[in-house]
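Engineer: 3D, please:
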Amino acid sequence: MTVYNADFVSHLLPDLVAACDAAAVQNVRSGHGGPFGASLSVYNRDSGALVPVAGPVCNAVLETGLAGAHAEDQVLQPAALHALRDALQTVGRGCAIVVLASSGESCPACYSKIEIVARTLVTDGLIEAGAFVLAYGASYEDTRVVAGFNDEPYHADMAGPLQNRMIPCVRGDGALPVPARVVMPDGAAYDGADGRMAQGTPLFTPEIQAIYTACRAQKKAGVDEPWNLRRAVLYTTAPAVGPLMYAESQWANIGRIVQCDGPVALTEAPDATNDALFAVVAARPYNGPGTAVHVVRVTPFANLAQHEWARLSEAGQVAHYNGIEA
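Structural biologist: Purely as a prediction, here's the structure:
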């Protein structure tokens, strides 16, 4: 079990989360996205030194047109993950603790990404089990009340019975010639390949590639709200629906997920089935059996960015743009 010293929990984590919040204030004022920021660091528990890796960076849904371009997603881009691996090799497996700080509680899509990255680092021998910390400030309820973004229904949907989920997951009759495909209501199709090795990230699964390709096509065409895929159908050859493809589909407004036979049957994490990973992401409270991430809520927390969003929203300068409105 990884042991966290008192200074790490009481001082370092709050400082990192506060820095993310400060960056998010500027993000809101600039109009690039919502009131959320994240950073990535490596803490050397022997020396007490902190190695900054990436960020703080912020939510970029409005800027990119991608439904899942949340702050945590932006801080886990390939360049950051490459820098993280370099930092971990320098610090050493026995001393390193990865810290992802976020101004807000991670939605299921971001939490899925964090779990997958943590599991990959453990599998690759770069960190010990339990040496990946996710620290956040504002809870789902804080975010709903203050800023009007309501992520809790997405988690509740994933934690509920399969037959009651907002996105039906069904078995298709035919075979799919590619690992994943998004088919839009107008029939336009966007394929996804496994880009994880080529792109240097465990997060570019075929399903994510297909969803993002569809969003980018809408943005290029000048479609309003390009992150909204308008009840498109996601086809996958995965052996089971994983939490990353499902949660990303929630944000992208996918109407149905269809499992098909195909050339490959890929899982989202290197050490778990999609079903097992789904259960870990959906489980509450945090830090239960099977998780690769240790979650810490930082209190007290000023929540400056969300209050700034609320102020600008009341003045008509910003507006809710995606997800379930509070």
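
Engineer: C-alpha from now on. contacts and neighbour counts both.
Structural biologist: Will do.

Engineer: count of residues packed around residue 316?
Structural biologist: Using other CA atoms under 10 Å, residue 316 is surrounded by 9 other residues.

Engineer: show me what the helix ranked longest in the chain is in contact with.
Structural biologist: For the chain, the longest helix by residue count, based on DSSP state H, is helix 13-30. The contact list for helix 13-30 (CA atoms under 8 Å, 6 or more residues apart in numbering) reads 33-39, 56-59, 101-103, 135-137, 298-299, 301-306, 308-309.

Engineer: equivalent analysis for stretch 240-247, please.
Structural biologist: Contacts for stretch 240-247 (CA under 8 Å, 6+ apart): 108-109, 112-113, 154, 167, 169, 207-208, 259, 267-268, 273-275, 277-278, 281.

Engineer: sheet partners, orientation included, of the helix or strand following the longest helix of the chain?
Structural biologist: Sequence-wise, the next helix or strand downstream of helix 13-30 (DSSP states H and E) is strand 37-44. Next to strand 37-44 in the sheet, as set by DSSP bridges, lie strand 50-58 (antiparallel), strand 96-104 (antiparallel).

Engineer: angle of the last one against helix 13-30?
Structural biologist: In this structure, strand 96-104 runs at an angle of 40 degrees to helix 13-30, with axes from the mean of the first three to the mean of the last three CA atoms, to 10 degrees as the basis.

Engineer: which of the helices or strands spans residue 291?
Structural biologist: Residue 291 belongs to no helix or strand, assigned by DSSP H and E.

Engineer: just give me the neighbour total for it.
Structural biologist: Counted with other CA under 10 Å, residue 291 comes out at 19.

Engineer: before we move on, what about residue 156?
Structural biologist: 14.

Engineer: and it, helix, strand or coil?
Structural biologist: Following DSSP: H, G, I helix; E, B strand; the rest coil, we place residue 156 in the helix state.

Engineer: that older thread, now, of the strands paired with strand 37-44, which is deepest in the fold?
Structural biologist: strand 96-104 (a mean of 29; mean count of other CA atoms under 10 Å).

Engineer: and residue 294, what does it touch?
Structural biologist: Applying CA under 8 Å, 6+ apart to residue 294 gives the contacts 130-134, 286-287.

Engineer: circling back: format the strands paired with strand 37-44 as JSON lines; extra columns: distance to residue 177 and mean pLDDT.
Structural biologist: Converted to JSON lines, the strands paired with strand 37-44 look like this (distance: least, CA to CA, whole Å; pLDDT from 0 to 100):
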{"stretch": "strand 50-58", "distance to residue 177": "36", "mean pLDDT": "96"}
{"stretch": "strand 96-104", "distance to residue 177": "37", "mean pLDDT": "98"}
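
Engineer: what's the closest of these to residue 182?
Structural biologist: Evaluated with CA to CA, these place strand 50-58 nearest to residue 182, the distance being 27.1 Å.

Engineer: got any ranges where this structure has weak pLDDT?
Structural biologist: Across the chain, the ranges flagged by pLDDT under 70 are 1-6, 324-326.

Engineer: what residue is smack in the middle of it?
Structural biologist: residue 110 (1.5 Å; CA atoms, centre = their mean).

Engineer: sticking with that one, tell me its helix or strand.
Structural biologist: Per DSSP H and E: helix 108-123 holds residue 110.
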